[in-house]
Every structure is written in C-alpha cells, then in structure tokens.
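Asker: just need the structure, nothing else, for what follows:
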Amino acid sequence: MSLPLRGSALHEAVRDYIKQYILEHKLKPGDSLPPEGQLAQELGVGRSSVREAVKALQSLGIVEARQGNGLFVREYNFDPVLEILSYGMRFNHTILLEFFQIRLWLEAAIIGDAVRQIEAEQIAQLDAVLALWAERTRASRSWADLDKQFHEILYQTLNNQTLLKLLEVFWLAYDKLDIEGIHDADPLEELADHRAILEAIKSDDPELTRQRLLANFTHFQSRIEQGIELEKGVIK
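Answerer: Residues are numbered from 1 along each chain as shown. The predicted model follows:
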C-alpha cells in the first residue's frame, strides 16, 4: 500500500489509517499497535510521517506512546475537550459562564434519576464524605476534593461511565482557573448546602433534592460572576 500524498494530506491519511486499523482489529484500551516502522512500511511512507500522525493521535487522546514499549490504544477520555475548554476559559469568560450553565442543566436533569436509584451503601458513603468535610473545616484544611467526591458518589448510581467522565471535565477545568476569588467558597455554607441535599436524598424526594442542588449552584454562580467582574476591574 502506498499513499501518493504530501504534507498535511499525507499526515491526515496516516491518522485515518491508524484509526481504521484500531476499529477493524477491534482493539481495546491497552492493546498494542504495530510499531512505527511497520506502519511506515505498510503504508509506503517515511517514518517521520507516521511519527507526526502518532503525535496528532496522542493529542486527541486516541493512542499513547510508552517509552521503550511502543504504541497502545488509549482508554476513551475527554482530555482534548478539557484542554480546549481550559484554554478558552482563560481569555473568554463567556465560555466559563456557558460551561457552568451546561453543568447546571446536566445535573438538574439527572439528579432525579440518581435519587430514585441510590442505595443505602451510597448514602452511607455520602454521610462519610460530609463527616470528613466537617472535620477538615474545623481544622481549616482544604475540602474541595470532597465536594467533587460527593457528586461522583451520587452519580455513580446511574452506572454511566461517560457521564462521570464528562462531569470530571467540569471539575478539572474549574480547578485550572486562576480567576481571583472563584475558589473562595464559604466552607460552612457549602457544607450546609450539601447536608441539605443529602437530607432531601434520604427523604426520597427527587424534586426537593433538585431544588437544593440548584440553590447550591446559585452560590457557585455568584462566585463566578464576582470573579469575572474582579478580572474586568469593575469591582475596586
């Protein structure tokens, strides 16, 4: 096989070949790919062309190169989306607000199903998270990871790994932001909000849980909006 192409068209053709190879051979995450030299020979192209294609596929989160071990199929991930969003939100605050709105819509839509499907084991885990949260708050220690953990446990009940990965993007993108004040949540207020959410879950009331979740998001949104105003220099 030979690809009579040059430049970007050649690199794109090699990328497409590798992606098609993964599909046709039904490779799974962690499975190995042929070495670059073999791919170059099969395609009738230089190794540099394969190397450029591999770099592009790495940036897309499709393959990974392990030093000394070769090429492997990477597990499905949202890394490229995270990279684009994190970069975009740093210079365009409209993206930040819209991104937050998407998270609000998503969680408001799924919280009812989560409450209806949650089991005693998950409720016990949520209780433990809030107990640790209270302990850290008393000791003036960081609790941000517990906020994330609370939501992860809650939505694990839906048994949808793609959903969990998407929510992970929201948290990671938010963590990367360096807008003044955006991470300065009141620990007692946040803890009280999440206790209220858990009490609604325990009462098996999806609508009340949704209302309390949205109330917590209101505090979150206020910090974002205030942080953006500070960045603009509107608040002195």
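
Asker: how about the strands in the chain?
Answerer: Taking DSSP state E, the strands of the chain run over residues 63-66, 70-73.

Asker: quick one: least confident helix or strand in this structure?
Answerer: Lowest by mean pLDDT, DSSP states H and E among the helices and strands of the chain is helix 79-91, with a mean of 74.

Asker: ok, back up a step: for V129, find the nearest of the strands of the chain.
Answerer: Of all those, it is strand 63-66 that lies closest to V129, at 32.2 Å by CB to CB. No exception for glycine: its C-beta is placed from N, CA and C like everyone else's.

Asker: tell me which residue is most central in the protein.
Answerer: V169 (1.6 Å; CA atoms, centre = their mean).

Asker: ok, now which ones touch that residue?
Answerer: Counting by CB atoms under 8 Å, 6 or more residues apart in numbering, V169 touches 78, 81-82, 85.

Asker: try 6 Å
Answerer: 78, 81-82 (CB atoms under 6 Å, 6 or more residues apart in numbering).

Asker: helices or strands up against the lengthiest helix in the chain?
Answerer: Identified as the longest helix of the chain according to DSSP state H is helix 206-232. Here helix 206-232 touches helix 93-117, helix 187-202, going by 3 or more CB pairs under 6 Å, 6 or more residues apart in numbering; DSSP states H and E.

Asker: that helix: which residues count as buried?
Answerer: For helix 206-232, a neighbour-count test (16 or more other CB atoms under 10 Å) marks 206, 208-210, 212-213, 216-217, 220, 223-224, 226-228 as buried.

Asker: quick revisit: next one: the least confident helix or strand of the chain to chain centre, how far?
Answerer: The chain centroid and the centroid of helix 79-91 are separated by 11 Å, computed with CA atoms, centre = their mean, to the nearest Å.

Asker: so which of the strands of the chain gets nearest A144?
Answerer: Comparison of these against A144 by CB to CB identifies strand 63-66 as nearest, at 28.6 Å.

Asker: walk me through the domains of this structure.
Answerer: Split into domains by automatic domain parsing, the chain comes to 7-73, 79-232.

Asker: show me the shaky parts of this protein.
Answerer: Along the chain, segments meeting pLDDT under 70 span 1-7, 176-184, 230-236.

Asker: switch to 80 and redo it
Answerer: Along the chain, the parts satisfying pLDDT under 80 run over 1-9, 11, 76-96, 172-185, 219-236.

Asker: how about the residue nearest to L146 when sequence neighbours are not counted, what does it touch?
Answerer: Distance criterion CB to CB, 6 or more residues apart in numbering; nearest residue to L146, sequence neighbours excluded, is W133 at 4.6 Å. Taking CB under 6 Å, 6+ apart, we find W133 in contact with 143, 146, 191.

Asker: cool, E75 as well?
Answerer: By CB under 6 Å, 6+ apart, the contact set of E75 is P29.

Asker: what do you get for the one 10 residues further on?
Answerer: Counting by CB under 6 Å, 6+ apart, L85 makes contact with A173.

Asker: go with 8 Å
Answerer: Residues near L85 by CB under 8 Å, 6+ apart: 95, 99, 169, 173.
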